[in-house]
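Trainee: no sequence on this one, just coordinates:
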DNA sequence: ATATGTTTTTGACATGATGTCAAAAACGCG
DNA sequence: CGCGTTTTTGACATCATGTCAAAAACATAT
């Protein structure tokens, strides 16, 4: 057994950083190999393919990201939780210069519905899995909120709605690069969930 | 002046069909050239680059799509208009087998935030433009609805919210490939906009 | 210590993509 | 009938992914 000459996790971090900044399509294995001081062939030997390397790097990211979401959704009033959720989400998308965007959204569009016949099921599953988990966490938060009387909608569909908005934010970010717009949408979404908009407009019109 | 041997619009239609089915990344100019019965070099001569060809094809699509959206948003009650809007949107995403997804969303993630430094401003602008126009049409519909007493929220932010949900739907489609889920989210969004959810839950709890 | 076996590394190779370029071809027009 | 302009065509350069076999490096058994 000849020992590996590079650190597996180092490569994953370096690779994901590049994937995040330049997209999966815009990052070549030569780039990563140079950055990591590894031979290109070694990456193939260790990970199998570019997509597999991306997936490994992505899953590393996903678990960290999910932990951050979970933490954000687990303290304070429901409004505070949802605000914190969107805060983490938007921070994540807008970090870096230029902003790196959302890796899940980008990856889903770059890899998920792959070319021709052979769609990459593993990639699609990884992305879908993160989205499902986030939706689950949202649903838990909403259910708790409902139990505490902070929310009077249906947790399941509302969680799905918020998850959808979250994905939409990633597109708004790419199209307009305007973080403040994301914040406005997020705040409005929380208001919608918590019925504040209707209450306010009822007050205005009443 | 030697005359062109192929029809410009035919090529655009053929190209967009391929881009739509296989993604920009997954479609090579050789594919398009073969399908269109044209030499690859002729495409470069006529369009300049793959991205430029995609953009030409995309703008053709965008104007048609926008017209369909506009039509959907211009008849009946506000609820009917929003329902029709989502109907057109979801039909558009789920058409084809396998479903082709949303070209705008996909293109924005494939081309908009391009690799490295040189992000493709033209592409990003084209996608952002469609999103802006759709948001504008939504805002008009909501404003009219507000004037007729069918809506009591703020048209501007609500239109942005719906546009965001619309983008999110494209991701849901890619991740889960479940059209019914899209319909549920769309219906819920309309209900949210029109205050039906709160009214219903108020009735339930009252 | 030495031989063996297993895994990694390394470089060459195959394939296919984008994009460029110059030469040839085809047409309108003076 | 030639002239000039544009398109076509094929060759070429470059770069990407991915494969493969040979060489290298270490663990382990004898």
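Mentor: Perfect, thanks for sending it. The structure displayed is predicted, hence computed values, not measured ones.
Trainee: Go ahead and list the helix or strand containing the spatially most central residue of chain A.
Mentor: In chain A, the residue lying closest to the centroid (CA atoms, centre = their mean) is residue A:104, at 4.9 Å. Of the helices and strands defined by DSSP states H and E, residue A:104 is found in helix A:103-110.
Trainee: Can you pull the phi/psi pair for the residue of chain A found nearest DNA strand C?
Mentor: Distances between chain A and DNA strand C by CB to the nearest atom of the strand are smallest at residue A:41, namely 2.3 Å. No exception for glycine: its C-beta is placed from N, CA and C like everyone else's. With angles defined as degrees, to the nearest 10, residue A:41 sits at phi -60, psi -30.
Trainee: Just say helix, strand or coil for the closest residue to DNA strand D within chain A.
Mentor: Here the residue of chain A nearest DNA strand D is residue A:2; by CB to the nearest atom of the strand that distance is 3.0 Å. Assigned with DSSP: H, G, I helix; E, B strand; the rest coil, residue A:2 falls in the coil class.
Trainee: Quick check, pLDDT for it.
Mentor: pLDDT, residue A:2: 84.
Trainee: Tell me how far it lies from residue A:42.
Mentor: 11 Å (CB to CB, to the nearest Å).
Trainee: repeat for residue A:25
Mentor: The gap separating residue A:25 from residue A:42 is 22 Å, by CB to CB.
Trainee: who has more neighbours, those two?
Mentor: residue A:25 (19 against 15; other CB atoms under 10 Å in any protein chain shown).
Trainee: In this structure that one contacts residue A:110, no?
Mentor: Yes. Residue A:25 is within contact range of residue A:110, at 5.6 Å (criterion: CB atoms under 8 Å).
Trainee: so what sits against both of those two?
Mentor: Residues touching both residue A:25 and residue A:110 by CB atoms under 8 Å, 6 or more residues apart in numbering or on different chains: B:25, B:110.
Trainee: Please, where are all the helices along chain A?
Mentor: Shown for chain A, the helices assigned by DSSP state H span residues A:8-22, A:29-36, A:40-47, A:50-72, A:78-94, A:103-110, A:121-147, A:155-176, A:179-194, A:196-205.
Trainee: Run through the residues that contact residue A:170.
Mentor: Counting by CB under 8 Å, 6+ apart, residue A:170 touches A:93, A:101-102, A:104-106, B:167, B:171.
Trainee: now with 7 Å?
Mentor: Applying CB atoms under 7 Å, 6 or more residues apart in numbering or on different chains, we find residue A:170 in contact with A:93, A:101-102, A:105.
Trainee: Now for residue A:2, how many residues are close by?
Mentor: Other residues near residue A:2 number 4, with proximity taken as other CB under 10 Å.
Trainee: Oh, that last question was meant for residue A:83, not what I typed.
Mentor: Going by other CB under 10 Å, the residues that sit close to residue A:83 add up to 16.
Trainee: I figured it was touching residue A:190, is that so?
Mentor: Yes. Residue A:83 lies in contact with residue A:190 (CB atoms under 7 Å); the separation is 6.1 Å.
Trainee: Tell me where chain A is predicted with low confidence.
Mentor: Along chain A, the parts satisfying pLDDT under 70 run over A:113-119, A:197-206.
Trainee: Tell me the residues of it that contact DNA strand C?
Mentor: Counting by CB under 7 Å from any atom of the strand, chain A comes close to DNA strand C at A:1-6, A:38-39, A:41-42, A:45-46.
Trainee: between the residues you listed, which has the most around it?
Mentor: Neighbour counts for the residues of chain A next to DNA strand C (other CB under 10 Å) peak at residue A:38, which has 20 neighbours.
Trainee: Now do the contacts for it.
Mentor: So residue A:38 contacts A:6, A:11 (CB under 7 Å, 6+ apart).
Trainee: Residue A:27 too?
Mentor: Residue A:27 makes contact with A:18-19, according to CB under 7 Å, 6+ apart.
Trainee: Distance-wise, check residue A:84 relative to residue A:69.
Mentor: In terms of CB to CB, residue A:84 sits 9 Å off from residue A:69.
Trainee: ok so, going back, is the helix holding residue A:104 anywhere near DNA strand D?
Mentor: No. Against DNA strand D, helix A:103-110 shows no contacts by CB under 7 Å from any atom of the strand, the least distance being 12.2 Å.
Trainee: what's in contact with that helix?
Mentor: Residues outside helix A:103-110 that contact it (CB under 7 Å, 6+ apart): A:20, A:23-25, A:58, A:61, A:123, A:127, A:130, A:167, A:170-171, B:25, B:105-106, B:109-110, B:171, B:174-175.
Trainee: And it, how far out from the chain middle?
Mentor: Relative to the chain's own centre, helix A:103-110 is displaced by 9 Å; criterion: CA atoms, centre = their mean, to the nearest Å.
Trainee: same question, stretch A:17-30
Mentor: Chain-centre distance of stretch A:17-30: 17 Å, with CA atoms, centre = their mean.
Trainee: buried residues in that stretch?
Mentor: For stretch A:17-30, the neighbour count (16 or more other CB atoms under 10 Å in any protein chain shown) marks A:17-27, A:29 as buried.
Trainee: just stretch A:123-141 next, same as before
Mentor: Those would be A:123-124, A:126-128, A:130-131, A:133-135, A:137-141, for stretch A:123-141 by 16+ other CB under 10 Å.
Trainee: filter the residues you listed down to the ones near chain B?
Mentor: A:124, A:127-128, A:131 (CB under 7 Å from any CB of the partner chain).
Trainee: now the residues you listed in TSV, with distance to DNA strand D?
Mentor: Shown next, in TSV, are these (distance: CB to the nearest atom of the strand, whole Å):
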residue	distance to DNA strand D
A:124	16
A:127	18
A:128	21
A:131	25
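Trainee: Residue A:157: which of the residues you listed is nearest?
Mentor: residue A:131 (15.1 Å; CB to CB).
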